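**Student:** Provide a 3D model corresponding to the input given below.
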Amino acid sequence: MPADHSTGSALGSRQGCLPAVHTLPVNFNSITNRKFLRIGASLSKPVMVKMEFFTAVVFNAGTLNQFRIGKTSAGAEIAALASLPAAAVGGTPYTPLNVGAIVLTADTDIFFGLNFTGTTITTGQGYFKASLEEINLTEPSQTSNIP
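**Tutor:** Numbers count the residues shown, from 1 in each chain. Predicted coordinates for the structure are as follows:
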């Protein structure tokens, strides 16, 4: 099943059975805390968000090259500080702290934050990816007469 690649806010953008995919480029000189998405969800229309990080260029230097995912600017409610993967450039995506997927039942802002400490970092690039899927409580075909 193909995914629809999207940019900008996810609020009000329901894709049915096709997941909406949002990506955020993360460079060594990226803004430290930034709002990534606003996701529209409710108890009657929950949304599952699957998260991954891909490394394109190894993040060098620094004692700690970490990121966090939260519901506020400096928050880490979704994923606490996790090290940016140094290996597997262009390989298997990294799932932050085994979060993998969360289910949202209310409108939620997702923030992505970086924490570089130690020596000044000079290279590094990757992509944070979020795939959004509405969890349909009633499938349209439930009332059809499919044998």
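**Student:** give me the low-pLDDT residue ranges for this structure?
**Tutor:** Residue ranges of the chain with pLDDT under 70: 1-18, 62-63, 85-100, 136-147.
**Student:** give me the contact list for stretch 67-86.
**Tutor:** Residues from elsewhere that reach stretch 67-86 (Cβ atoms under 8 Å, 6 or more residues apart in numbering): 26, 33, 35, 51, 53, 55, 58-59, 64-66, 94, 96-97, 99, 102, 108-115, 124, 126, 128. Any C-beta I mention is one placed from the backbone N, CA and C, and that applies to glycine too.
**Student:** flag every buried residue along that stretch.
**Tutor:** In terms of neighbour count (16 or more other Cβ atoms under 10 Å), stretch 67-86 has its buried residues at 67, 68, 69, 70, 75, 76, 78, 79, 82, 84, 85.
**Student:** just stretch 29-45 next, same as before
**Tutor:** 30, 33, 36, 37, 39, 40, 41.
**Student:** what distance separates the opening and closing residues of it?
**Tutor:** End-to-end distance of stretch 29-45: 37 Å, with Cα to Cα, to the nearest Å as the criterion.
**Student:** that older thread, which one among the buried residues of stretch 29-45 gets closest to residue 132?
**Tutor:** residue 39 (6.4 Å; Cβ to Cβ).
**Student:** can you show me the strands along this protein?
**Tutor:** Remark: strands assigned in the chain by DSSP state E are 4-6, 20-27, 33-39, 47-57, 64-70, 79-83, 101-104, 108-117, 125-134.
**Student:** pull up the pairing partners for the third one, direction included.
**Tutor:** Note on strand 33-39: by DSSP bridges, its sheet partners are strand 108-117 (antiparallel).
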